[in-house]
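Visitor: Here's my sequence, what's the structure:
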Amino acid sequence: MTRRPRIADVARRAGVSVTTVSHTFSGNGVVAAETRERVRAAAHELGYRPDVLAQGLRRNRLSVLALVARPLDRISPDQLHGVDYFLRLAGAAAMAALDAGYCLMLVGDPVRDDGPSAALAAEGFLLTEPILGDPLIDLCERIGTPCVTVGLPPREDGTWDDRAPCHVGIETERITVDVLEHLAAAGSRAIAFLAADEQDEWSLRSVEVYRRWCDARGMPERVLLHADAIGAEAGRDAVDQWFPQGSVPGADGAPDALFCLAAAPAVGAAERLRELGHAVPGAVRIAVGSDAEEARAADLTAVDLQPEELARRAVTTLVARLRGTDAPALPGGVGRLVPRGSTAR
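Guide: Predicted coordinates:
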């Protein structure tokens with residue numbers, strides 16, 4: 001089954017920009033008659049039909065904000081029970097939007113072939129955990145729709161611009177150091193790190209900070225980037241790799257603490273460690289980078305990323321852009337460590 005032609009396909013066929021195609025069908029802007037005919041011919045050849053609903057919504061300004069949660073590109077809704085960060089963020093964003101006189105819709109990425117084109121009717125976008133070269137940011141820049149990100153997209157050279165406009169900082173560096181220092185203060189001297197193999201700030205920057213922290217202390221790095229690091233099996237697999245039969249935590253190259261960015265892998269790791277006879281926290285301590293019900297139920301130390309506050313900040317920043325006013329200055333300090341039994345001395 002062939003995919004439905006999209007506006008970008010028409011632009012390529014006609015040799016024009018996406019904006020020119022949009023203006024041709026919406027009646028906005030100025031498009032030369034010859035160019036307009038070329039665009040319409042390309043659309044006809046491809047079988048493209050403009051989204052009349054989205055055009056109408058844009059003209060009538062229905063005060064709609066769109067939320068795109070980038071991690072949902074790779075996980076299914078039934079996996080969200082272990083990643084309740086997104087549920088908390090979406091709920092708080094909806095309430096903040098309502099307070100500001102807007103409504104919020106959670107949408108798939110409209111840039112994708114199967115994405116909802118009606119999402120482009122939104123007056124502005126909230127984007128969580130943008131990736132390197134994020135296509136939604138590029139699209140919003142092309143069509144002139146404001147976009148505010150929660151977290152930074154990495155630069156091409158792998159660096160980060162914490163003073164970049166139109167983003168709400170998630171304080172990855174401070175939070176990562178807080179967790180590592182907490183484990184070290186509890187007595188851990190060989191800390192291993194488990195994260196998803198992804199291209200967003202939380203995944204990439206946490207690894208960078210962990211490696212710098214280990215290097216500064218002469219501690220060997222133990223990093224495992226798992227293709228599916230949100231499920232319990234990722235944690236079990238990591239334990240089997242780091243703790244071969246007969247190994248002693250803190251010796252024989254085996255770690256004596258695990259820092260897992262997601263809750264489900266941490267729970268899986270704790271279960272597997274106990275199956276191997278390694279007590280938690282007696283032999284191995286475990287900390288989680290994003291708190292969730294699973295972490296609380298298993299008494300695992302975790303970071304409350306305070307997604308409700310991040311959501312309020314993101315909506316406030318986006319609404320300020322839409323109204324042409326200055327966004328309020330945002331103090332630091334979002335995200336706090338919640339010590340529990342898994343890192344006890």
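Visitor: residues contacting residue 345?
Guide: For residue 345, the contacting residues are 186-187, by C-beta atoms under 8 Å, 6 or more residues apart in numbering. C-betas here are computed from N, CA, C, even on glycine.
Visitor: Give me the distance between it and residue 180.
Guide: To residue 180, residue 345 is 16 Å away according to C-beta to C-beta, to the nearest Å.
Visitor: helix or strand for residue 318, which one?
Guide: helix 307-323 (DSSP states H and E).
Visitor: Lowest mean pLDDT among the helices and strands, pick that one out for the chain.
Guide: Lowest on mean pLDDT, DSSP states H and E among the helices and strands of the chain sits helix 52-60, with a mean of 54.
Visitor: contacting residues around the spatially most central residue of the chain?
Guide: For the chain, residue 129 is the residue whose C-alpha lies nearest the centre (C-alpha atoms, centre = their mean; 2.5 Å). If you count contacts by C-beta under 8 Å, 6+ apart, residue 129 has them with 69-71, 150-151, 200-202.
Visitor: Give me the nearest residue to it, chain neighbours excluded.
Guide: residue 200 (4.0 Å; C-beta to C-beta, 6 or more residues apart in numbering).
Visitor: what's the pLDDT at the one you found?
Guide: With respect to pLDDT, residue 200 has a value of 90.
Visitor: Just want the phi and psi numbers for the residue nearest to the centre of the chain.
Guide: phi 50, psi 60 (degrees, to the nearest 10).
Visitor: if we can go back for a sec, and the helix holding residue 318, what does it pack against?
Guide: Helix 307-323 makes packing contacts with helix 84-99, strand 124-128, strand 147-150, strand 167-168 when contacts are defined by 3 or more C-beta pairs under 8 Å, 6 or more residues apart in numbering; DSSP states H and E.
Visitor: Redo these as TSV? Include mean pLDDT.
Guide: Output for the helices and strands packed on helix 307-323, formatted as TSV (pLDDT from 0 to 100):
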stretch	mean pLDDT
helix 84-99	95
strand 124-128	96
strand 147-150	96
strand 167-168	94
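Visitor: and residue 327, which of these is closest to it?
Guide: Closest to residue 327 of those, according to C-beta to C-beta: strand 147-150, at 8.7 Å.
Visitor: Centre of the chain to the closest one, how far?
Guide: Put simply, strand 147-150 sits 11 Å off its chain's centre (C-alpha atoms, centre = their mean, to the nearest Å).
Visitor: From the rest of the structure, what touches it?
Guide: 89, 124-130, 134, 136-137, 140-141, 166-168, 170, 310-311, 314, 317-318, 321.
Visitor: Give me the buried entries from the residues you listed.
Guide: Buried by 16 or more other C-beta atoms under 10 Å: 89, 124-130, 134, 136-137, 140, 166-168, 170, 310-311, 314, 317-318, 321, out of the contacts of strand 147-150.
Visitor: check contacts around the closest residue to residue 162 other than its chain neighbours.
Guide: Nearest non-adjacent residue to residue 162, counting by C-beta to C-beta, 6+ apart: residue 169, 6.3 Å away. Applying C-beta under 8 Å, 6+ apart, we find residue 169 in contact with 151-152, 162, 330, 332, 334.
Visitor: Distance of residue 132 relative to residue 147?
Guide: 16 Å.
Visitor: Which of those two has more residues huddled nearby?
Guide: A side-by-side neighbour count of residue 132 and residue 147, using other C-beta atoms under 10 Å, places residue 147 first with 23 against 13.
Visitor: Can you tell me how far the more buried one is from residue 48?
Guide: On the measure of C-beta to C-beta, residue 147 and residue 48 end up 25 Å apart.
Visitor: same check, this time on residue 307
Guide: Separation of residue 307 from residue 48 (C-beta to C-beta): 38 Å.
Visitor: Throw the helices and strands packed on helix 307-323 into a markdown table and include distance to residue 257, thanks.
Guide: Compiled in a markdown table, these are given as follows (distance: least, C-beta to C-beta, whole Å):
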| stretch | distance to residue 257 |
| --- | --- |
| helix 84-99 | 23 |
| strand 124-128 | 28 |
| strand 147-150 | 28 |
| strand 167-168 | 30 |
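Visitor: Tell me which of these approaches residue 338 most closely.
Guide: Nearest of the helices and strands packed on helix 307-323 (C-beta to C-beta): helix 84-99, 13.6 Å.
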